[in-house]
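**Q** Predicted model and sequence follow; I will ask about them next.
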Amino acid sequence: MSDFHRSVLLKESIDYLNVRPNELYVDATLGGGGHTKEILNNGGRVIGIDVDLDAIDHIRDSLRSDHLIVEQDNFRNIDKILSKHGITEISGIIFDLGVSSKQLDTAGRGFSFSKSGPLDMRMGGDLKVTAADLVNGLTETELYELFFRSGEERYARRIARVIVRSRQNEKIEKTDQLAKIIEASIGRSASKIHPATKVFMALRMAVNSELDNLKESLEKSTNFLKIEGRLVVISFHSLEDRIVKNFVRNTSELVQINKKPIIPTEEEIKENPRSRSAKLRVAEKIA
Ligand SMILES: C[S@@+](CC[C@H](N)C(=O)[O-])C[C@H]1O[C@@H](n2cnc3c(N)ncnc32)[C@H](O)[C@@H]1O
């Protein structure tokens, strides 16, 4: 197991990817390389993509193989990345969405409400707008809509109001500063989940255009799949899961392999609580 990231639904996702020796697969979200390592162990070749330079450096240091090509890029550019290498067909692609443990645990990246750091949340260096820009720059209505729609936060209106009031006194620039403002506005519930969880997720998704990236990349990557090639997606958010489900349903070239999404076993959730919201969907190219 890598210290960088503990892979979620590893066995299930690799089994469903149906890795065949010498065939080419794309790991669109390299992270700590857990899924890529398994594809290589099963004899596959991999084009591995991650937008985050830390992940790319980690893979270059820890995983050398003649069967692996590493690209630092956004997976929404998958068409350009594959064309650059003269690739017209792939036998499968895996997306393991969201952030890695390393990203969450590095205070300076600003992804975590439990670590004091700048409210940044950019996965890749070329993005200009940070979470602090959104928190201090959006109107109260825009904040409400973001927290309600992307975060599915039931107290979105109250949180947006308190943020706007707080920032009139002092700019909100730190993760723990925002977490305390949210906690003070809605309190701690009996649930184990921190009250800032959904707001932080909504901000991260907006900073990195996560839903748009996913939609664009699903379409582009399906064009490259061989017949019988598999599309395997692990998502951690109901909006992501809905995008994948609807995409497969509305794409006549794909057939859904598992009717219901696969979720981690209780044992996996106990060992790795971050896996608790994971959902795995699999589709196969048929035409
Ligand atoms: C959950 S981790 C992947 C973990 C990996 N499967 C493993 O087993 O170690 C998600 C990774 O996807 C990357 N990522 C998220 N959105 C991306 C995008 N649009 N393009 C490329 N990489 C992205 C993140 O930087 C992060 O490293």
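**A** Nice, thanks for sending it over.

**Q** got the buried residues for the helix or strand hosting Ala184?
**A** Ala184 belongs to helix 175-186 when assigned by DSSP states H and E. Neighbour counts using 16 or more other C-beta atoms under 10 Å place Thr175, Asp176, Gln177, Leu178, Ala179, Ile181, Ile182, Ser185, Ile186 of helix 175-186 among the buried residues. Quick note: C-beta positions are derived from backbone N, CA and C, even for glycine.

**Q** Check stretch 44-57 too.
**A** Quick answer for stretch 44-57 (16+ other C-beta under 10 Å): Gly44, Arg45, Val46, Ile47, Gly48, Ile49, Asp50, Val51, Asp52, Asp54, Ala55, Ile56.

**Q** Could you dump these into JSON lines with pLDDT and distance to the ligand added?
**A** Shown next, in JSON lines, are these (pLDDT from 0 to 100; distance: C-beta to the nearest ligand atom, whole Å):
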{"residue": "Gly44", "pLDDT": "98", "distance to the ligand": "15"}
{"residue": "Arg45", "pLDDT": "98", "distance to the ligand": "17"}
{"residue": "Val46", "pLDDT": "98", "distance to the ligand": "12"}
{"residue": "Ile47", "pLDDT": "98", "distance to the ligand": "12"}
{"residue": "Gly48", "pLDDT": "98", "distance to the ligand": "9"}
{"residue": "Ile49", "pLDDT": "98", "distance to the ligand": "5"}
{"residue": "Asp50", "pLDDT": "98", "distance to the ligand": "4"}
{"residue": "Val51", "pLDDT": "97", "distance to the ligand": "4"}
{"residue": "Asp52", "pLDDT": "97", "distance to the ligand": "4"}
{"residue": "Asp54", "pLDDT": "96", "distance to the ligand": "8"}
{"residue": "Ala55", "pLDDT": "97", "distance to the ligand": "4"}
{"residue": "Ile56", "pLDDT": "97", "distance to the ligand": "9"}
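
**Q** Show me those residues that map onto strands.
**A** Cross-referencing those against strands under DSSP state E gives Arg45, Val46, Ile47, Gly48, Ile49, Asp50.

**Q** Test my guess that the first one contacts Ile90.
**A** Read that as Arg45. No: checked against C-beta atoms under 8 Å, the pair Arg45 and Ile90 is beyond contact range at 9.7 Å.

**Q** Mind listing the shared neighbours of these two?
**A** Leu24, Tyr25 (C-beta atoms under 8 Å, 6 or more residues apart in numbering).

**Q** can you list contacts of stretch 62-70?
**A** Stretch 62-70 has contacts (C-beta under 8 Å, 6+ apart) with 2, 30, 33, 36-37, 40, 44-49, 56, 59-60, 85.

**Q** Which of the helices or strands spans the residue in the stretch 101-250 of the chain that the ligand sits nearest to?
**A** As assessed by C-beta to the nearest ligand atom, the ligand sits closest to Asn213 within the stretch 101-250 of the chain, at 4.0 Å. For Asn213, the host element (DSSP H and E) is helix 210-224.
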